[in-house]
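J.: coordinates only, sequence not included:
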């Protein structure tokens, strides 16, 4: 899809800061800014490099100051210099208003800006090189006026870890040579290659860069940058020239043109391999790949949960993998990720956070291991890769055995065949917010989706035994008998005849009867426990109480604990996070469950297709081409949280795949 915007989209500074672009490099690095070119988050950067994949990120080149000069003489309006950049500053008098000259912005495989100023048209493009911390920027300067003009670009530097601001003591050095230049600071070096004229000057430290989006959310709302060089390109009257600038963490052995061509070709190939035909689905295929990154500590691949905040988490990866890798037919990537997680299985648990440096993995999740078995099953259904199933079978056995007999965080099978999970202050489902000793969404006991995953995993184990054509060994339980016991207990204890749906948890507290979106997975999974009438009632109740076209609410608005808005301080956001906030990713399970309970009838598919159409407009809002993490619970309008979320993209892709069958 090609997203095109005009001046009506940045009538005001605030309007122009609503949407941003995202480019990634497969290492965890990225480039992102608003469509006016402004950085409204401290996480925005022209070059956010990843020095150790996928989470050790450094904000190297924060942004570019861009000015157009007319031959040192003023125009008829008295101006000899026009600012093209649009950064906002705490001191409003310093804020740049280049968006007034921006006539078009479009995004397809990379962002493109078009500026028109007094007979001069400037087209700017940015792309990242896959597999390298390298960003390319080009400006095509079409000077249709009679006067000579100069484009002046001043890079703003940080050279600090993501989320850390430089201070006045930080020293930046610039070395120039015939083959290129390099900037060094804080133990890091960036190489620069350009066909423009570089001029160095004593470093200038600038404070008061305003991050307006972060200000709204109580995050870091001011930043600092440093400048020490500028790049200039002169263009005579009635002529055209191109300014090229490349910044990289390693020596540069490519050209800007090659970077742009490779970026477009890479994304076209992703779409071709996927085989998906719907325009929105093809866009989501491209978006899905942006979350896939190398993990240096394991030598394999992983999935980053979301940009710009999140790392690669076990639960998110196992959910996102189905759509982001299997639906898109990136089977080798899927297998690499599954191998990576298998290597870190401990006591039947999958890591929720991977080790970084000397840190140990964190295993505080009850669902990641069960979802691992589910992901292996989905991979097997598409590839029939029996040898891989044989390879990871011992890990799958370990998971079931550990969950049955008991492992960390209170995870164990009760005498009724249902799983218990969570104890003390440990939150081990995806509704895992903890504020000190406050648990906004306590779900200790028997959570509904954990037990749905448990039953699904047991059925997969039984089916896999037959696929492997092997007898049970000492590590195998009677999976079929366990599944049957779980099914009987689940139907007896989770069904709420009052609400015509499933209880959210079995804990003996008021939380049991809360109507939440977690029950939808008890219908959407390959193996489920309810009868057809019950499944349909679950889907209908979820639609009535929780559905929005942008995602599912996490709590019924009629509940006294419902929070209508997500925003404000960290505590305010945490209290609302799973207490009504709309999440995009469960919407995928809802549509899959709806289609299932309507027997995949033509009219049901047509209805889902109509409902999905609104997501095409969502793709043009927030992070262009992406699906976000969350929306407000009462009235979802603007995306919030991570502007690009892996499991949101992956789960909606799975729906498009089913509709295409």
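T.: Arrived safely, thanks for sending. In this text the structure is predicted, and so the values were computed from the model without any measurement.

J.: show me what contacts the nearest residue to residue 563 once chain neighbours are set aside?
T.: Closest residue to residue 563 apart from its sequence neighbours, by CB to CB, 6 or more residues apart in numbering: residue 576 at 3.6 Å. All C-beta spots, glycine's among them, are computed from the backbone N, C-alpha and C. Applying CB atoms under 8 Å, 6 or more residues apart in numbering, we find residue 576 in contact with 563, 565-567, 633.

J.: among the helices and strands of this structure, which one scores worst on average pLDDT?
T.: helix 212-216 (a mean of 86; mean pLDDT, DSSP states H and E).

J.: what comes up buried for it?
T.: By 16 or more other CB atoms under 10 Å, the buried positions in helix 212-216 come out as 212-214.

J.: Kindly report the same for stretch 332-342.
T.: For stretch 332-342, by 16+ other CB under 10 Å, it's 333-342.

J.: Also stretch 570-581?
T.: Buried residues in stretch 570-581 (16+ other CB under 10 Å): 573-581.

J.: pLDDT of it, averaged?
T.: Average pLDDT, stretch 570-581: 92.

J.: Now do the end-to-end distance for it.
T.: 15 Å (CA to CA, to the nearest Å).

J.: how far does it sit from the chain's center?
T.: Distance, stretch centre to chain centre, for stretch 570-581: 19 Å (CA atoms, centre = their mean, to the nearest Å).

J.: Ok, stretch 463-480 next?
T.: 37 Å.

J.: what about that stretch, how long is it end to end?
T.: Per CA to CA, stretch 463-480 runs 9 Å from first to last residue.

J.: what does that stretch contact?
T.: Contacts of stretch 463-480 (CB under 8 Å, 6+ apart): 377, 380, 386, 389-390, 393-394, 396-398, 400-401, 404, 458-459, 461-462.

J.: Would you mark the buried spots in it?
T.: Those would be 463-465, 476-477, 479, for stretch 463-480 by 16+ other CB under 10 Å.

J.: Closest to residue 193 out of those residues?
T.: Checking the buried residues of stretch 463-480 against residue 193 by CB to CB gives residue 464 as the nearest, at 52.6 Å.

J.: got the contact list for stretch 92-102?
T.: For stretch 92-102, using CB under 8 Å, 6+ apart, the contacting residues are 7, 10, 13, 16, 36-38, 65-66, 82-89, 113-117, 208, 210.

J.: Quick check: closest non-adjacent residue to residue 426.
T.: Closest to residue 426 by CB to CB, 6+ apart is residue 409, at 4.9 Å.

J.: mind checking how far the one you found is from residue 536?
T.: Computed as CB to CB, to the nearest Å, the residue 409 to residue 536 distance reads 34 Å.

J.: same check, this time on residue 396
T.: Applying CB to CB to residue 396 and residue 536 gives a distance of 32 Å.

J.: What of residue 178?
T.: 73 Å.

J.: circling back: now do the phi/psi pair for the residue nearest to residue 563.
T.: phi -100, psi -20 (degrees, to the nearest 10).

J.: which residues sit in contact with the nearest residue to residue 339 once chain neighbours are set aside?
T.: In space, and not counting its chain neighbours, residue 339 is closest to residue 300: 5.8 Å by CB to CB, 6+ apart. By CB under 8 Å, 6+ apart, the contact list for residue 300 reads 294, 336-337, 339-340.

J.: quick one: which of the buried residues of stretch 570-581 is nearest residue 495?
T.: Distance to residue 495 across these (CB to CB) is lowest for residue 578, with 22.9 Å.

J.: List the contacts of that closest one.
T.: By CB under 8 Å, 6+ apart, the neighbours of residue 578 are 431, 433, 440-441, 554-555.

J.: Dump the buried residues of stretch 463-480 into a markdown table; add secondary structure as well.
T.: Formatted as a markdown table, the buried residues of stretch 463-480 follow (DSSP: H, G, I helix; E, B strand; the rest coil):
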| residue | secondary structure |
| --- | --- |
| 463 | helix |
| 464 | helix |
| 465 | helix |
| 476 | coil |
| 477 | coil |
| 479 | helix |
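
J.: of all those residues, which two lie farthest apart?
T.: Longest span within the buried residues of stretch 463-480, CB to CB: 463 and 477, 14.5 Å.

J.: Could you give the number of residues near residue 492?
T.: 10 (other CB atoms under 10 Å).

J.: Can you give me the buried ones in stretch 401-415?
T.: 401-404, 407-411, 413.

J.: now do stretch 102-115
T.: 102, 105-115.

J.: Helix, strand or coil: sort out the residue nearest to residue 426 for me.
T.: With three-state DSSP as the basis, residue 409 sits in coil.

J.: Sketch out the low-pLDDT regions of the chain for me.
T.: Where the chain drops to pLDDT under 70, the residues are 72-79, 355-358.

J.: how about a cut-off of 80?
T.: Low-confidence segments of the chain (pLDDT under 80): 72-80, 178-179, 216-219, 354-359, 470-477.

J.: related to what we said a few turns ago, dump the residue contacts of the residue nearest to residue 426.
T.: Counting by CB under 8 Å, 6+ apart, residue 409 has contacts 349, 363-364, 366, 421-423, 426, 428.

J.: what does residue 534 give?
T.: By CB under 8 Å, 6+ apart, the neighbours of residue 534 are 491, 495.

J.: any idea how far it lies from residue 595?
T.: Distance from residue 534 to residue 595, by CB to CB: 17 Å.

J.: and what of residue 191?
T.: 51 Å.

J.: same deal with residue 383?
T.: On the measure of CB to CB, residue 383 and residue 595 end up 23 Å apart.

J.: what's the helix or strand for residue 398?
T.: Under the criterion of DSSP states H and E, residue 398 resides in helix 386-405.

J.: Please convert the contacts of residue 300 to a markdown table, extending it with secondary structure.
T.: Formatted as a markdown table, the contacts of residue 300 follow (three-state DSSP):
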| residue | secondary structure |
| --- | --- |
| 294 | strand |
| 336 | helix |
| 337 | helix |
| 339 | helix |
| 340 | helix |
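
J.: CSV for those residues, including distance to residue 243?
T.: CSV is the format used below for these (distance: CB to CB, whole Å):
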residue, distance to residue 243
294, 32
336, 39
337, 40
339, 45
340, 41
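
J.: Just flag the most distant two among those.
T.: 294 and 339 (13.6 Å).

J.: Quick one: the strands in the stretch 501-650 of the chain, in order.
T.: For the stretch 501-650 of the chain, the strands defined by DSSP state E, counting those that start in this stretch cover 501-502, 505-506, 547-548, 551-553, 582-583, 630-631, 644-645.

J.: right, and these - which one's nearest residue 147?
T.: That would be strand 644-645 among the strands of the stretch 501-650 of the chain, by CB to CB, at 42.6 Å.

J.: Now residue 382: closest residue in space, sequence neighbours ignored.
T.: residue 326 (5.7 Å).

J.: quick one: contacts for that neighbour?
T.: Residue 326 touches 334, 375, 378-379, 382, counting by CB under 8 Å, 6+ apart.

J.: Nearest to residue 242, out of those residues: which one, please.
T.: Taking the contacts of residue 326 together and measuring to residue 242 by CB to CB, the closest member is residue 334, at 40.2 Å.

J.: Can you give me the distance of the closest one to residue 503?
T.: Taking CB to CB, one finds residue 334 at 34 Å from residue 503.

J.: before we move on, what about residue 391?
T.: Noted for residue 391: a distance of 38 Å to residue 503, by CB to CB.

J.: neighbour count winner among the two?
T.: Per other CB under 10 Å, whichever of residue 391 and residue 503 has more neighbours is residue 503, with 24 against 15.

J.: Tell me if I'm right that the more buried one and residue 512 touch.
T.: Yes. Judged on CB atoms under 8 Å, residue 503 makes contact with residue 512 at a distance of 4.8 Å.
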